[in-house]
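*Asks:* fold the following and give me the result.
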Amino acid sequence: MTPQQKNRQLSRLLSYILERHPEEFGLIPDASGYIKIKELLKALNETDGWRHIRESNLNELLIVDNNPPFEIKDNHIRATQRHHLPETVRCRDVPKTLYTCVRKKAYPRVAEKGIFPASHNHVVCTPDSDMALRMGKRKDRDAVLLTIHTATAREEGVAFRQFTDKFFMAPHIPADTFTGPSLSKMAAKEKKSAPPKAPKPQKEPGAFSVTPEMIEPAAHKKTKGKKKKPAWKQDRKQRGRKDRAAWPDEP
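*Replies:* Numbers count the residues shown, from 1 in each chain. Coordinates of the predicted model:
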């Protein structure tokens, strides 16, 4: 396949996603039709045949395509033709249960305070638990799946909006309207799976560290120049000089 053919295929795929069915890829445009580029790339990287796509490929398509199907602004992307794009509407019939994911690190606070929007303006939920996990793992490999009981949520005044039949959104999900894994069991499991710490060696009372210098004697330093003669040799030489001075040689 030539580079031109690959670009045409990518252009058609982007048209399908951005103009018609972003929900099939777990993507929800904002009110202006924009989607974050990094979210689009993560969705493409989950799709067979398109795992290699990077932002540079999108920029290249903008250059080589005379009529690109999208436009880019501030790390966001949207279709140039959006009249077929689904709209977010208010809904009356909500599935009994919906699913969403939160980061594992945030779960203790979420369990206490409820679910608040993260990357979107609303909490995004779906009746498909697999889709919820797919979207959650884009942000955290250990994302925690939560089950939302919509009847209880609506009794507490939560108003859901709908984007196709795949996604439902709410400004906030109260803490007592969803269920998830037990925090205590998660903590126990994490503690059990953590590798044991190696014990530190303890010193006995009065013990001290032995250094290599204590075991191996230091090498003797070499002195420059002549070796110094022993003291007894120097004394004998001086006495010889005195004797010669006292007994001069005869003529």
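
*Asks:* quick one: terminal-to-terminal distance for stretch 108-122?
*Replies:* The first and last residues of stretch 108-122 sit 20 Å apart, counting by C-alpha to C-alpha, to the nearest Å.

*Asks:* buried residues in it?
*Replies:* Across stretch 108-122, burial judged by 16 or more other C-beta atoms under 10 Å covers 110, 111, 114, 115, 122. C-beta here means a position set from N, CA and C on the backbone, and glycine is covered the same way.

*Asks:* tabulate these in JSON lines, adding columns for secondary structure.
*Replies:* Formatted as JSON lines, the buried residues of stretch 108-122 follow (DSSP: H, G, I helix; E, B strand; the rest coil):
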{"residue": "110", "secondary structure": "helix"}
{"residue": "111", "secondary structure": "helix"}
{"residue": "114", "secondary structure": "coil"}
{"residue": "115", "secondary structure": "strand"}
{"residue": "122", "secondary structure": "coil"}
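
*Asks:* which single one of those residues is nearest to residue 143?
*Replies:* Here the nearest of the buried residues of stretch 108-122 to residue 143, counting by C-beta to C-beta, is residue 110; it sits at 11.5 Å.

*Asks:* how about the closest one: what's its closest non-neighbour residue?
*Replies:* residue 102 (5.0 Å; C-beta to C-beta, 6 or more residues apart in numbering).

*Asks:* name the helix or strand of this structure that has the lowest mean pLDDT.
*Replies:* Taking mean pLDDT, DSSP states H and E as the measure, the helices and strands of the chain show their lowest mean at helix 212-215, namely a mean of 55.

*Asks:* can you tell me how far residue 133 is from residue 87?
*Replies:* Separation of residue 133 from residue 87 (C-beta to C-beta, to the nearest Å) stands at 26 Å.

*Asks:* between those two, tell me which one has more neighbours.
*Replies:* Between residue 133 and residue 87, counted using other C-beta atoms under 10 Å, residue 133 has the larger neighbour count: 17 against 11.

*Asks:* gap between the nearest residue to the more buried one once chain neighbours are set aside and residue 24?
*Replies:* Spatial nearest neighbour of residue 133, excluding adjacent residues (C-beta to C-beta, 6+ apart): residue 145 at 5.8 Å. Distance, residue 145 to residue 24, by C-beta to C-beta: 20 Å.

*Asks:* ok, the closest residue to residue 81 other than its chain neighbours - contacts?
*Replies:* Leaving aside its sequence neighbours, residue 81 sits nearest to residue 19 (C-beta to C-beta, 6+ apart; 5.6 Å). Contact analysis of residue 19 by C-beta atoms under 8 Å, 6 or more residues apart in numbering lists 69, 79, 81, 82, 84, 85.

*Asks:* by neighbours, which of these wins?
*Replies:* residue 79 (24 neighbours).

*Asks:* what values do phi and psi take at that one?
*Replies:* The phi/psi pair for residue 79 (degrees, to the nearest 10) reads phi -70, psi 150.

*Asks:* quick check: the gap between the nearest residue to it once chain neighbours are set aside and residue 138.
*Replies:* Spatial nearest neighbour of residue 79, chain neighbours left out: residue 18 (3.7 Å); criterion: C-beta to C-beta, 6+ apart. Going from residue 18 to residue 138 by C-beta to C-beta gives 18 Å.
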